[in-house]
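*Asks:* pasting the structure only:
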């Protein structure tokens, strides 16, 4: 059993040796090394290419302000914020006498370098400018806003909005257009109403035009409001406002009922005993 285990260990070591990972110390050519290394054919080991590094020591020998970016490019980089020339800094920086990158004139790297009342240092441009919600001109505001020269604040133009509170109580703010629009059931003008209605200036609600209705209570007691189509006050069955509301054989009475003309009938009750009312001719037979 002891010999069997020893054999397995030997086989494992052989297997690991055959499947060594890229960049291990042993190599046969540079393909076995990392991209910042080459294979030394004499020692069969991966060594650092010229211009690259694997430790800070190599960089410090070159420049005490440098360190090795061993986790990334394997090149020597200036330690954060240090420099020898302006080229070692960001485009908005200059290299000062203490070999530190500082904001160039007209630029900034922190808010304290700007006007504390309304400015901040923009992380994108590294220049002092109006903080969010502040402005120095209309261009610093959104298209539906204007800049107040005294408060340095953006305010919404008349009829525009950022939220419902910027609108009238009967309006809501459309956050896509930033325009105050009527809530459901309200109106700005007649154009927001149906053809049979108009916009009431005081209530900002659509009301029936003259001659139209929105409910039975707006009609005479013998009428109902036909709200599905016409919104007109319409006589109930067998009721009328004039003879034209009745059949050809009828007249409209003062009590707004359609009664049969003399010699005609509505039903058998209008005929003498023994006769019936012909519903086609409306004559007693």
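*Replies:* Now that the structure is in, tell me what you want to look at. Note that the structure is predicted; figures quoted are calculated from it, not measured.

*Asks:* residue 258 touches residue 238, doesn't it?
*Replies:* Yes. Look at residue 258 against residue 238 with CB atoms under 8 Å: they come within range, at 5.3 Å. The way it works is simple: take the backbone N, C-alpha and C, and place the C-beta from them, glycine included.

*Asks:* low-confidence ranges in the chain?
*Replies:* Confidence mapping of the chain against pLDDT under 70 gives the ranges 1-25.

*Asks:* tell me how it divides into domains.
*Replies:* 86-130, 189-236, 243-284 (automatic domain parsing).

*Asks:* of these, which is nearest residue 75?
*Replies:* Closest of the domains of the chain to residue 75 is domain 86-130, at 13.2 Å (criterion: CB to CB).

*Asks:* residue 58 falls within a strand, correct?
*Replies:* No. Counting by DSSP: H, G, I helix; E, B strand; the rest coil, one finds residue 58 to be helix, located in no strand.

*Asks:* please renumber the chain so that the first residue is 48 from this point on.
*Replies:* Yep, numbering from 48; the last one is residue 105 now.

*Asks:* residue contacts, it?
*Replies:* Applying CB atoms under 8 Å, 6 or more residues apart in numbering to residue 105 gives the contacts 95, 115, 123.

*Asks:* go again with 7 Å.
*Replies:* With contact taken as CB atoms under 7 Å, 6 or more residues apart in numbering, residue 105 is in contact with residue 115.

*Asks:* what about residue 305 and residue 285, which has more around it?
*Replies:* With neighbours defined as other CB atoms under 10 Å, residue 305 and residue 285 compare such that residue 305 has more, 19 against 15.

*Asks:* what's the first helix or strand after the helix or strand encompassing the more buried one?
*Replies:* Here residue 305, judged by DSSP states H and E, is contained in strand 305-307. The element immediately downstream of strand 305-307 (helix or strand, assigned by DSSP H and E) is strand 324-325.
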